[in-house]
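structure, please.
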Amino acid sequence: MTIQIIILIAAIIVSWLVFTALLKVLKTTITTAITIAALILVLQILFGITYLDLWQQIIQFPQFLWRMVTGSR
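Residues are numbered from 1 along each chain as shown. Next up, the predicted model:
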């Protein structure tokens, strides 16, 4: 009987730790998504840069870095 109570308490503690860790990850994910959305909105309103323009630059960035490192054109 006492072993079962100890296992139950340990399971509750582990469950609580996992739950709080998941909440922290969810909070960070939502904060990052809102920040990215706000940045894209500001770029679109102030400079007329669409998310497609931004996405194209993100895709081309590794090629740009490779050309900078290797010195090729």
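
any idea how far Asp53 is from Trp66?
21 Å (CB to CB, to the nearest Å). Heads up, the C-betas are built off the backbone N, CA and C, glycines and all.

whoops, I mixed them up, Thr31
In terms of CB to CB, Thr31 sits 32 Å off from Trp66.

now the residue minimising distance to the centre of the chain: which helix or strand?
When the chain is reduced to its mean C-alpha position, the nearest residue by CA atoms, centre = their mean turns out to be Thr29, at 5.0 Å. Thr29 is part of helix 2-47 when elements are defined by DSSP states H and E.

for Ile12, give its distance to Val18.
For Ile12 relative to Val18 (CB to CB), the value is 11 Å.

any idea of the mean pLDDT for the helix or strand hosting Trp55?
According to DSSP H and E, Trp55 maps onto helix 51-70. Regarding helix 51-70, the rounded mean pLDDT is 93.

counting by contacts, list what it packs against.
Under the contact definition 3 or more CB pairs under 8 Å, 6 or more residues apart in numbering; DSSP states H and E, helix 51-70 sits against helix 2-47.

which neighbouring elements make contact with the helix it packs on?
Applying 3+ CB pairs under 8 Å, 6+ apart, one finds that helix 2-47 contacts helix 51-70.

the helix it packs on vs helix 2-47, what angle?
Computed by axes from the mean of the first three to the mean of the last three CA atoms, to 10 degrees, the angle separating helix 51-70 from helix 2-47 equals 100 degrees.

Ile30: neighbour count?
Ile30: 10 surrounding residues under other CB atoms under 10 Å.

from Ile36, how far out is it?
Counting by CB to CB, the gap from Ile30 to Ile36 is 11 Å.

neighbour-wise, which of Asp53 and Trp66 wins?
More crowded of Asp53 and Trp66, by other CB under 10 Å: Asp53, with 13 against 10.

quick check: that one vs Pro62, distance?
In terms of CB to CB, Asp53 sits 17 Å off from Pro62.

same check on Thr35?
23 Å.

how about Gly48?
Distance from Gly48 to Pro62, by CB to CB: 25 Å.

could you do Ile12 as well?
47 Å.

same question for Val69.
10 Å.

and if you look at Leu23?
Where Pro62 is concerned, Leu23 sits at a distance of 34 Å (CB to CB).
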